[in-house]
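Here is a sequence together with a model predicted from it:
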Amino acid sequence: MRGGPLRGWRGYGVLAAVPLLLVTACGGGDADGDGAKKRPGASPAATGSKTPGATGAPVIDADPARLPTTRKSALRLIGQVIADPESFGPGVVARTPYESGPDTWPVLGADCVWQQREPGPGVLATLTRSFEVPAGKGNGPLRLAAIVTVHRTDDGARWEMAESLEESMRCPTQQLREGEFIGGLGAGALARGEANHVNSEDSLVESGEFRSSELGGPYPYFWEQDQILRFTFAVTAKGAKGWTEAEIGDLGAQAQSAMLLRLHAAVGKKG
């Protein structure tokens, strides 16, 4: 974390399946250094509180002492939470470079081209990892990424989610990097409590088409970002020859589920 309408979706792997409310949208960046998506209108949700429509306990019953408050502690938590190749499943390997610099932040410019800038003062730390399923058996190389960001406050994370729809509407076609484009996207957005969604406080999925001067296209494109407390985490997949939407959706779902579970383990109350 796109082009073409959302044509069906997958569950959250080991977590509960999530139906989507479809929203007409166009645009998006991805999470592998080409644009961490953000969405406006995110549902208000404070630490330990319920979002509108939600029932029962909070998504994570967080231990305040385990929530990062410094850059050092945020980077340490990101290392615990962010996906690794095994999070996606067999056949996925690290790309080179594997990790982005911790001081880079993707921003969608007025020209609809994703750029790298320094994170704002509200961001404690952010990290992107890049992966690939190498070409083989008639398939092209499938490129994947995971990104985790820790904000100073829950509101900061909600505002990060809050900017995505504006970006999608503003830029129906976007340039991820030189020779890579996405466009004509379908989006699904859920706040906690909507359509039985209980896995995060806010979730956004975009699906569409990816074109590359290197790999051709169009191929399926997928991006998902979730927000819990002061954390956002996302996965993205840029399709290639031979890959179906269902296949790349399953890979993304597995990695996103792994990060959700790791965040529970990292900041939830013990015992």
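On my side now, so go ahead.

what's around Ser213, how many residues?
10 (other Cβ atoms under 10 Å). For every residue, glycine as well, the C-beta is placed using N, CA and C.

wait, it sits on Gly179?
Yes: counting by Cβ atoms under 8 Å, Ser213 touches Gly179, with 3.5 Å between them.

Low-confidence bits of the stretch 1-150 of the chain, can you list those?
Applying pLDDT under 70 to the stretch 1-150 of the chain flags residues 1-57.

Wait, a strand at Val148?
Yes: counting by DSSP: H, G, I helix; E, B strand; the rest coil, Val148 falls inside a strand.

how close does Glu206 sit to Glu167?
When distance is defined by Cβ to Cβ, to the nearest Å, Glu206 is 10 Å away from Glu167.

next one: Arg177
16 Å.

Who has more neighbours out of the two?
Here Arg177 and Glu167 are set side by side on neighbour count (other Cβ under 10 Å), and the busier one is Glu167, at 23 against 17.

Output whichever strand or helix holds that one as CSV - backbone C-alpha positions only.
Element membership for Glu167 (DSSP states H and E) is helix 164-170. C-alpha atoms of helix 164-170 as CSV (Å, rounded to 0.1, in the frame of the first residue of the first chain):
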residue,chain,number,x,y,z
SER,A,164,-6.2,8.1,2.7
LEU,A,165,-9.6,8.8,1.2
GLU,A,166,-8.7,12.3,0.3
GLU,A,167,-5.6,11.1,-1.4
SER,A,168,-7.6,8.4,-3.3
MET,A,169,-10.1,10.9,-4.5
ARG,A,170,-7.5,13.5,-5.4
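
The following helix or strand past that helix packs against which elements?
Under the assignment DSSP H and E, the closest C-terminal helix or strand after helix 164-170 is strand 173-177. Strand 173-177 sits against strand 114-117, strand 180-191, with contacts defined as 3 or more Cβ pairs under 8 Å, 6 or more residues apart in numbering; DSSP states H and E.

burial count for the closest residue to Thr173 other than its chain neighbours?
Once flanking residues are discounted, Thr173 sits nearest to Gly183: 3.5 Å by Cβ to Cβ, 6 or more residues apart in numbering. Gly183 has 22 neighbouring residues, counting by other Cβ under 10 Å.

Could you give the bridge partners of Gly183?
Beta-bridge partners of Gly183, counted by DSSP bridges, are Thr173, Glu209.

switch to numbering from 19
Shifting the count to begin at 19 puts that one at Gly201.

wait, isn't it in contact with Gln193?
No: with contacts counted by Cβ under 8 Å, Gly201 stays clear of Gln193, the gap being 9.6 Å.

Do a quick rundown of the helices in the stretch 69-218 of the chain.
Ranges of helices in the stretch 69-218 of the chain, per DSSP state H, counting those that start in this stretch, are 89-99, 103-106, 172-180, 182-188.

Can you tell me which of those is nearest to Glu263?
Glu263 lies closest, by Cβ to Cβ, to one member of the helices of the stretch 69-218 of the chain: helix 103-106, at 15.9 Å.

List the buried residues of the closest one.
Residues Pro103, Ser105, Phe106 are the ones in helix 103-106 that count as buried (16 or more other Cβ atoms under 10 Å).

contacts for stretch 87-100?
Under the criterion Cβ atoms under 8 Å, 6 or more residues apart in numbering, residues 86, 120, 142-145, 147, 164-166, 168, 170, 249, 251, 277, 280-281, 283-285 lie in contact with stretch 87-100.

Mark which of these are part of strands, please.
The strands, defined by DSSP state E, take in Leu142, Ala143, Thr144, Leu145, Arg147, Ala164, Ile165, Val166, Val168, Phe249, Phe251 from these.

Show me which of those residues is closest to Gly257.
Ala164 (16.7 Å).

doesn't Pro103 make contact with that closest one?
No: between Ala164 and Pro103 there is no contact under Cβ under 8 Å: 10.1 Å.
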